[in-house]
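J.: Need a 3D model of the sequence below.
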Amino acid sequence: RCNAIVLAWIMNTVSKELLGGIVYATDALAVWRDLKERFDRINGSRIFSIHRDIVCLSQGNATVSVYFSKPRELWDEYASLVTLPNCGCPTSRAYLEHDQQQRLLQFLMGLNDSYCSIRSQILMMCPLPTVSQAYSMISQEES
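T.: Residues are numbered from 1 along each chain as shown. This is a model prediction of the structure:
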């Protein structure tokens, strides 16, 4: 009975284009695994695309505020696709700190050269600020 309920839910949830391949299925778990195998691979392509977008991101003519929203949106999407370790152990904490440092560097690399001075000041700080703190410092410089 549960199998039939889950199977009905899957069939009501997937797009019509996919329905033809599962309409005669009798095992919900098999259908689920098949869909997972087919569509989980897209995440690899999307993760690559997000990384490329972040690396190529630059401020251009945008204000710092508008520019800052672009990588944040990409980081949030990345976080929805890739689960970072969060167990509280020293290795996990070090990895999360490294991730935060990467975000800071990505943000700073995309800034226009007119922020070279404040960028250098931020990079000399010990410890490095969070990306939000750096944004705050730079937006004050912009004002």
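J.: Lowest-scoring secondary structure element of the chain by mean pLDDT?
T.: One helix or strand of the chain scores below all others by mean pLDDT, DSSP states H and E: helix 16-19, with a mean of 85.
J.: what does that one contact?
T.: For helix 16-19, contacts defined as C-beta atoms under 8 Å, 6 or more residues apart in numbering pick out 11, 35. Placement of C-beta: from N, CA and C, glycine included.
J.: what separates that helix from the chain centre, distance-wise?
T.: Relative to its parent chain, helix 16-19 has a centroid offset of 28 Å by C-alpha atoms, centre = their mean, to the nearest Å.
J.: in it, what counts as buried?
T.: Neighbour counts over helix 16-19 (16 or more other C-beta atoms under 10 Å) mark Leu18 as buried.
J.: Using PDB, write down the CA coordinates of that helix.
T.: Presented in PDB, the C-alpha positions along helix 16-19 are these (Å, rounded to 0.1, in the frame of the first residue of the first chain):
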ATOM      1  CA  LYS A  16       4.800  14.800 -18.300                       C
ATOM      2  CA  GLU A  17       7.900  14.100 -20.500                       C
ATOM      3  CA  LEU A  18       9.200  11.700 -17.800                       C
ATOM      4  CA  LEU A  19       5.900  10.100 -17.100                       C
END
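J.: which helices and strands sit right next to the helix or strand following it?
T.: Next along the chain after helix 16-19, taking DSSP states H and E as the criterion, comes helix 28-39. Other helices and strands packing on helix 28-39, by 3 or more C-beta pairs under 8 Å, 6 or more residues apart in numbering; DSSP states H and E, are helix 2-13.
J.: Show me the contact partners of the helix it packs on.
T.: 19, 22-23, 25-29, 31-32, 35.
J.: What are the boundaries of the helices in the protein?
T.: 2-13, 16-19, 28-39, 41-56, 64-81, 90-110, 116-123, 131-142 (DSSP state H).
J.: Remind me what the fourth one packs against, helices and strands.
T.: In terms of contacts (3+ C-beta pairs under 8 Å, 6+ apart), helix 41-56 is packed against helix 64-81.
J.: Show me what the mean pLDDT comes to for the helix it packs on.
T.: The average pLDDT for helix 64-81 rounds to 94.
J.: Return the distance of that helix from the chain's centre.
T.: 7 Å.
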